[in-house]
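K.L.:
Sharing a sequence plus its predicted fold:
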Amino acid sequence: MEQWLAGFSLDASLHPHVAAVFVALPVEVRDDLMGDPQFTLTDFEPGHGRSFQVLVGMPTLTSPGKQGGSRAVVLKRRMWRRDEPFIRWVIAHELAHAHLRNEGRYPGEDPEVAADALAMMWGFPRPW
């Protein structure tokens, strides 16, 4: 796990939180993300006049005739200023989006609702 995470551009302040969330994921979700060579994980520091370009891989087929969505997770570096439950909820929520390929768990479900539900199931409920 540590070696795999080291391959991503993550600030040292976020690395332990990302590792803790990944360890808590169900095995099939962790395998799904870790086994996808198109999955990317990075962070950036937002600020006035700054921009950030997200590099994403080519879409892949998730099932016959169905193209998968983005598998890029970008975290704001300044998140470290928040408390641990919030940081880890955000990470779990964003990983849920990547796992679901930015879709709901079923047709018509709001992707935000789906990501919150999965994060909660994984042990990271929304802290507010």
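P.N.:
Right, received. Where do you want to start? Values in this document were obtained by computation on a predicted structure and should not be read as measured data. Residues are numbered from 1 along each chain as shown.

K.L.:
any idea where the strands of this structure begin and end?
P.N.:
40-44, 61-63, 66-67, 72-76 (DSSP state E).

K.L.:
Name every strand pairing with the last one and say which way it goes.
P.N.:
Think strand 72-76. Neighbouring strands of strand 72-76 in its sheet, by DSSP bridges, are strand 40-44 (parallel).

K.L.:
Not counting its neighbours along the chain, what's nearest residue 11?
P.N.:
residue 77 (4.8 Å; CB to CB, 6 or more residues apart in numbering). (Each C-beta comes from the backbone N, C-alpha and C, glycine too.)

K.L.:
wait, isn't that neighbour in contact with residue 12?
P.N.:
No: using CB atoms under 8 Å as the test, residue 77 is too far from residue 12 to be in contact (10.0 Å).

K.L.:
Comparing those two, which residue is more hemmed in?
P.N.:
residue 77 (15 against 7; other CB atoms under 10 Å).

K.L.:
Can you check what pLDDT the model gives residue 28?
P.N.:
pLDDT, residue 28: 96.

K.L.:
pLDDT below threshold where in this structure?
P.N.:
Of all residues in the chain, those with pLDDT under 70 make up the ranges 46-70.
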